[in-house]
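Chemist: Okay, sequence plus prediction incoming.
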Amino acid sequence: MSDGEQARGTARELARKTAQELEYSSGFGNEHSSEAVTGALPVGRNSPQRAPLGLYAEQLSGTAFTQPRAHNRRSWLYRVRPSAAHPAFHRVDNGALRSGPFTAVPDPNRLRWNPLPEPPAGTDFLSSLWTVGGNGDPLQRSGMAVHLYHANASMTDRVFSDADGELLIVPESGGLLLHTEFGRLAVEPSQIALVPRGVRFRVELLADAARGYVCENYGAPFVLPDLGPIGANGLANPRDFLAPTAAFEEAEREVEVVNKYGGNLWAARYPHSPLDVVAWHGNLTPYVYDLRRFNVIGTISYDHPDPSIFTVLTSPTDTPGLANVDFVVFAPRWLVGEDTFRPPYFHRNVMSEYMGLVEGAYDAKAEGFVPGGGSLHNMMSAHGPDRETFDRASAAELVPQKVDDGLAFMFETRWPVVCTEQAGAADHLQRGYDDVWRGLERHFRS
Ligand SMILES: O=C(O)Cc1cc(O)ccc1O
Ligand SMILES: [Fe+2]
């Protein structure tokens, strides 16, 4: 084993131990507070004349100051240096990261991809980001983008922040340890992590490689959906969302800070780590959520309900019920519908659907939709069960059936997802996807 490999192995062990020992503060959108050093949080005010322990007080807002209290998100950070103390940012290469406005010709075809290929050695989370497509415009704070990552190195002396949107990270293989301004979060496949707009973080790998999906939400921050007649409980329960506890880095060495701003990457070299928040309080935080905690609701009589009942998080727009983007999960559940075609039905949807698979299989597709891959069924494109699934489900004996062989998800968005050139030309784009619906024969005879 080379010295480099040995050092990486030791770092990995340390990261795994850290991940296991992390403490969290629970509750979606709660007023959390945390201090890594006792006495670092001021009492009774946010901005005393001199903040405790010589720290700098700084507010980070996620909503306009004047948004109604129920929607308002902000946190106060008490840090070694104020964020304002930084050198100029300069444009750096965007790599395979693309951003709205997406200007390619919108494609009405159903598209499906295999997983991203192996990255070159030394590829970290940030440099591995590869954009599938998106919609809207980050400067209008509306729309979203779908990215994939496939990394085999940790970010050590560089951190990332995205001024264009919050990042919903959906790992598919390999765990991640996110070092954020608010503290550390560990996230494994079957869990998700969210990093709010502008929050700086670096990604350390908990395995030799890590692969997954990212929804970059340019719009209003994700919230839990209203429950309506479901009642006061159900779907994703607020207490299962975990915020970090404060932890800070004291590194007085050069750190590259990369900022996505207006669609491009900009970088500045700081003489220290900006992950230097000693204490914080507020309701704008990164968080993790375990999708296995999702309380799945479905029919106990007949018909296949619309997948909106599987919504984990929604980014609302000014139109009630119309999401900028929903994050929807197809988690293990029982199917008991009588006289019902149980898998997803054939449909054309005004919303646009990007789907990914964390593990196993998905009940609308017999094969070809694989973990780490993805599919895009854009506005009004006709899709649903493939022929094999249709035949099987039409003939199945309708005994109670547990669907527990996979975990799929969907980013469902109000506008068509316009693909990037690289996604449209990729080797891992499955040519011939239309064929999964071939052979759906005429049965009707007049
Ligand atoms: O297309 C898909 O597989 C997603 C989906 C699932 C479902 O249960 C109903 C509608 C729908 O779009
Ligand atoms: Fe669909």
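Modeler: Looks like it arrived, so ask away. Residues are numbered from 1 along each chain as shown. Ligands and ions are numbered 1, 2, ... in the order given.

Chemist: Quick check: the residue of the stretch 151-300 of the chain nearest ligand 1.
Modeler: Going by CB to the nearest ligand atom, ligand 1 is nearest to residue 298 of the stretch 151-300 of the chain, at 9.5 Å. Placement of C-beta: from N, CA and C, glycine included.

Chemist: That residue and residue 340 touch, don't they?
Modeler: No: if you go by CB atoms under 8 Å, residue 298 and residue 340 don't touch, sitting 10.8 Å apart.

Chemist: Quickly find the element holding the residue lying closest to residue 162 once chain neighbours are set aside.
Modeler: Excluding its sequence neighbours, the residue lying closest to residue 162 (CB to CB, 6 or more residues apart in numbering) is residue 260, at 4.5 Å. Assigned by DSSP states H and E, residue 260 belongs to strand 255-261.

Chemist: How far does that strand sit from its chain's centre?
Modeler: Put simply, strand 255-261 sits 19 Å off its chain's centre (CA atoms, centre = their mean, to the nearest Å).

Chemist: Count the residues that sit near residue 304.
Modeler: When neighbours are counted by other CB atoms under 10 Å, residue 304 registers 16.

Chemist: let's number from 139 now, not from 1
Modeler: OK, 139 is where the count begins now, so the last one is residue 442.

Chemist: And the pLDDT for it?
Modeler: The per-residue pLDDT reported for residue 442 equals 98.

Chemist: Return the alpha-carbon coordinates of stretch 489-509 using CSV.
Modeler: Only the C-alpha atoms of stretch 489-509 are listed here, as CSV (Å, rounded to 0.1, in the frame of the first residue of the first chain):
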residue,chain,number,x,y,z
MET,A,489,-45.8,18.3,-14.6
SER,A,490,-42.4,16.9,-15.5
GLU,A,491,-40.9,13.8,-13.9
TYR,A,492,-37.2,13.0,-13.4
MET,A,493,-36.9,9.6,-11.6
GLY,A,494,-33.9,7.9,-10.0
LEU,A,495,-33.4,4.7,-8.2
VAL,A,496,-31.5,4.3,-4.9
GLU,A,497,-31.8,0.5,-4.8
GLY,A,498,-33.5,-2.5,-6.2
ALA,A,499,-36.3,-2.1,-8.8
TYR,A,500,-39.3,0.1,-9.4
ASP,A,501,-42.8,-1.4,-9.8
ALA,A,502,-43.5,0.3,-13.2
LYS,A,503,-40.4,-1.0,-14.9
ALA,A,504,-39.5,-4.7,-15.3
GLU,A,505,-35.9,-3.9,-16.4
GLY,A,506,-33.6,-1.2,-17.7
PHE,A,507,-34.3,1.3,-14.9
VAL,A,508,-31.3,0.7,-12.6
PRO,A,509,-29.8,2.1,-9.4
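
Chemist: And the average pLDDT for it is what?
Modeler: 95.

Chemist: Could I get the buried residue list for that stretch?
Modeler: Using 16 or more other CB atoms under 10 Å as the test for burial, stretch 489-509 gives 489-496, 499-504, 506-509.

Chemist: Those residues in strands, which ones?
Modeler: The strands, defined by DSSP state E, take in 490, 491, 492, 493, 494, 495, 496 from these.

Chemist: What is the most widely separated pair among these?
Modeler: 490 and 496 (20.4 Å; CB to CB).

Chemist: which of the buried residues of stretch 489-509 are close to ligand 1?
Modeler: Contacts with ligand 1 are made by 491, 502 out of those, judged by CB under 6 Å from any ligand atom.

Chemist: Got the phi and psi for residue 377?
Modeler: The phi/psi pair for residue 377 (degrees, to the nearest 10) reads phi -70, psi -10.

Chemist: mind listing what it touches?
Modeler: 164, 165, 166 (CB atoms under 8 Å, 6 or more residues apart in numbering).

Chemist: Out of the residues you listed, which end up buried?
Modeler: Buried by 16+ other CB under 10 Å: 165, 166, out of those.

Chemist: of the contacts of residue 377, closest to ligand 1?
Modeler: Closest to ligand 1, out of all of those and judged by CB to the nearest ligand atom, is residue 166, at 24.5 Å.

Chemist: So that closest one sits against residue 376, correct?
Modeler: Yes: using CB under 8 Å, residue 166 is in contact with residue 376, at 3.9 Å.

Chemist: overlap in contacts of those two?
Modeler: residue 362.

Chemist: which residues of the stretch 139-288 of the chain fall in helices?
Modeler: For the stretch 139-288 of the chain, applying DSSP state H, counting those that start in this stretch gives helices covering 141-159, 263-266.

Chemist: from those, which stretch is densest packed?
Modeler: helix 263-266 (a mean of 23; mean count of other CB atoms under 10 Å).

Chemist: still on that earlier bit, which other helices and strands contact the strand holding residue 398?
Modeler: Judged by 3 or more CB pairs under 8 Å, 6 or more residues apart in numbering; DSSP states H and E, strand 393-399 is in contact with strand 296-300, strand 402-408.

Chemist: I'd like these laid out as CSV, including mean pLDDT, distance to ligand 1 and mean neighbour count.
Modeler: Formatted as CSV, these follow (pLDDT from 0 to 100; distance: least, CB to the nearest ligand atom, whole Å; neighbours: other CB atoms under 10 Å):
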stretch, mean pLDDT, distance to ligand 1, mean neighbour count
strand 296-300, 98, 27, 23
strand 402-408, 98, 33, 17
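
Chemist: Residue 570: neighbour count?
Modeler: Neighbours of residue 570 (other CB under 10 Å): 9.

Chemist: can I get the CA coordinates of the helix or strand hosting residue 452 in PDB?
Modeler: Element membership of residue 452, judged by DSSP H and E, is strand 449-454. What follows is strand 449-454, C-alpha atoms only, in PDB (Å, rounded to 0.1, in the frame of the first residue of the first chain):
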ATOM      1  CA  THR A 449     -44.400  13.700  -1.300                       C
ATOM      2  CA  VAL A 450     -41.600  14.100   1.200                       C
ATOM      3  CA  LEU A 451     -40.800  17.700   0.500                       C
ATOM      4  CA  THR A 452     -42.300  20.400  -1.700                       C
ATOM      5  CA  SER A 453     -41.000  23.700  -2.900                       C
ATOM      6  CA  PRO A 454     -44.100  25.800  -3.300                       C
END
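
Chemist: Could you list the residues in contact with that strand?
Modeler: Under the contact criterion CB under 8 Å, 6+ apart, strand 449-454 has outside partners 282, 306, 330, 332, 355, 357-363, 373-374, 427, 429, 432, 460-467.

Chemist: Could you give the separation of stretch 322-340 from the chain centroid?
Modeler: In terms of CA atoms, centre = their mean, the centre of stretch 322-340 is found 8 Å from the chain centre.

Chemist: Endpoints of it, how far apart?
Modeler: Stretch 322-340 has its terminal residues 10 Å apart, counting by CA to CA, to the nearest Å.

Chemist: pLDDT on it, on average?
Modeler: Rounded mean pLDDT across stretch 322-340 is 98.

Chemist: for stretch 409-428, same thing?
Modeler: 98.
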